[in-house]
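**Student:** Sequence and predicted structure below; questions after.
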Amino acid sequence: MANRDDVSRVLAKCVTCGSVYAARQWPSGDVQPIGSDNCSCGSTDFCSIDESGTDPAANDRNKE
Ligand SMILES: [Zn+2]
């Protein structure tokens, strides 16, 4: 189970200031922003945003 290849690409939102980062989520549930250990505000608490691989540039295509 502890296979590093099982990480998911997610968006992580800082629970303190709301900044969103590209991140990886491990099967254990840990969310780690890519390229940094914490938010620019100093928080290390992130929640994942499950976008199913949606690219931020694809927001214009987001429809109901
Ligand atoms: Zn923050």
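**Tutor:** Arrived safely.

**Student:** nearest spatial neighbour of Arg24, skipping sequence neighbours?
**Tutor:** Leaving aside its chain neighbours, Arg24 sits nearest to Val7 (4.4 Å; criterion: C-beta to C-beta, 6 or more residues apart in numbering). Placement of C-beta: from N, CA and C, glycine included.

**Student:** How many neighbouring residues does the one you found have?
**Tutor:** 15 (other C-beta atoms under 10 Å).

**Student:** Now do the contacts for it.
**Tutor:** By C-beta atoms under 8 Å, 6 or more residues apart in numbering, Val7 lies in contact with Arg24, Gln25, Trp26, Pro27.

**Student:** Around the ion, pick out the residues from this structure.
**Tutor:** Cys14, Thr16, Cys17, Ser19, Cys39, Cys41, Ser43 (C-beta under 5 Å from the ion).

**Student:** Tell me if I'm right that the last one and Gly18 touch.
**Tutor:** This points to Ser43. No. In this structure, Ser43 is not within contact of Gly18 by C-beta atoms under 8 Å, at 10.2 Å.

**Student:** These two: which is more packed in?
**Tutor:** Ser43 (13 against 9).

**Student:** so who does the closest residue to that one other than its chain neighbours touch?
**Tutor:** The shortest distance from Ser43 to any non-neighbouring residue, by C-beta to C-beta, 6+ apart, is to Thr16 (3.9 Å). If you count contacts by C-beta under 8 Å, 6+ apart, Thr16 has them with Cys39, Cys41, Gly42, Ser43, Asp45.

**Student:** Mind giving me the ChimeraX command for buried ones among those residues?
**Tutor:** Per 16 or more other C-beta atoms under 10 Å, the buried members of the contacts of Thr16 correspond to this ChimeraX selection:
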select :39
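
**Student:** Can you lay out the contacts of Thr16 as TSV showing pLDDT and secondary structure?
**Tutor:** Shown next, in TSV, are those (pLDDT from 0 to 100; DSSP: H, G, I helix; E, B strand; the rest coil):
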residue	pLDDT	secondary structure
Cys39	94	coil
Cys41	96	coil
Gly42	96	coil
Ser43	95	coil
Asp45	92	coil
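
**Student:** Need the phi and psi values for the residue nearest to Ser43.
**Tutor:** Dihedral angles of Thr16 (phi, psi; degrees, to the nearest 10) stand at phi -90, psi -50.
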